[in-house]
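In: Sharing a sequence plus its predicted fold:
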Amino acid sequence: MSCECPEPLILLVEDSPVDYEITKRAFIKSGFKNELVRCEGGDEALDYLYRRGKYKDPKTSPAPHVVLLDLNMPGTDGRGVLKTIKDDPVLRRIPVIVLTTSDDQKDIEDCYALGANCYVQKPVNLVGFMDSIQQLNDFWFSAALLPKADA
């Protein structure tokens, strides 16, 4: 069963309140009209994806169509979340975009080896970040066809 939301829902896994606000504003400025749901860390993201605790109701916590994932977070980090998603026969269909400050080649290679669909380094300046979000929006939510989210 597909999500009843009219537009694709994005799960943003980001522990930094500042990075979350910048990301949200960048998406809005790029014309993004979809729902952006934030989880503040990997453990919360896994609760959301597996509908545990406060996320158990699919009507209030619909399945995401895309996950935007920071790597470096306390608790279960982005690599752990990515591995869990891609090891799960249902969740593995969800595209995962790693959105992180790291440009470390090992991080890039590890994430693709774990099944990341895309790896984007967060630019350090606002103009560059806005441009990156615009490109993500244009590709993932205009050009690409996404799988239906499971209920």
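Out: Yep, that arrived. Numbers count the residues shown, from 1 in each chain.

In: got a list of what L126 touches?
Out: I22 (CB atoms under 8 Å, 6 or more residues apart in numbering). Using the backbone N, CA and C atoms, a C-beta is placed for each residue, glycine as well.

In: Between its first and last residues, how far does stretch 71-78 reach?
Out: End-to-end distance for stretch 71-78: 4 Å, by CA to CA, to the nearest Å.

In: List the buried residues in that stretch.
Out: 71, 73, 76-78 (16 or more other CB atoms under 10 Å).

In: what about the residue nearest the centre of the chain, which helix or strand?
Out: With distances taken as CA atoms, centre = their mean, L68 lies nearest the centre of the chain, 1.7 Å away. Assigned by DSSP states H and E, L68 belongs to strand 66-69.

In: Could you pull out the buried residues of the helix or strand following that strand?
Out: Going down the chain from strand 66-69, the next helix or strand is helix 78-87, by DSSP H and E. With burial defined by 16+ other CB under 10 Å, the residues of helix 78-87 counted as buried are 78-86.

In: helices or strands up against the next helix-or-strand element following helix 78-87?
Out: Downstream of helix 78-87, the first helix or strand assigned by DSSP H and E is strand 96-100. Other helices and strands packing on strand 96-100, by 3 or more CB pairs under 8 Å, 6 or more residues apart in numbering; DSSP states H and E, are strand 66-69, helix 78-87, strand 118-121.
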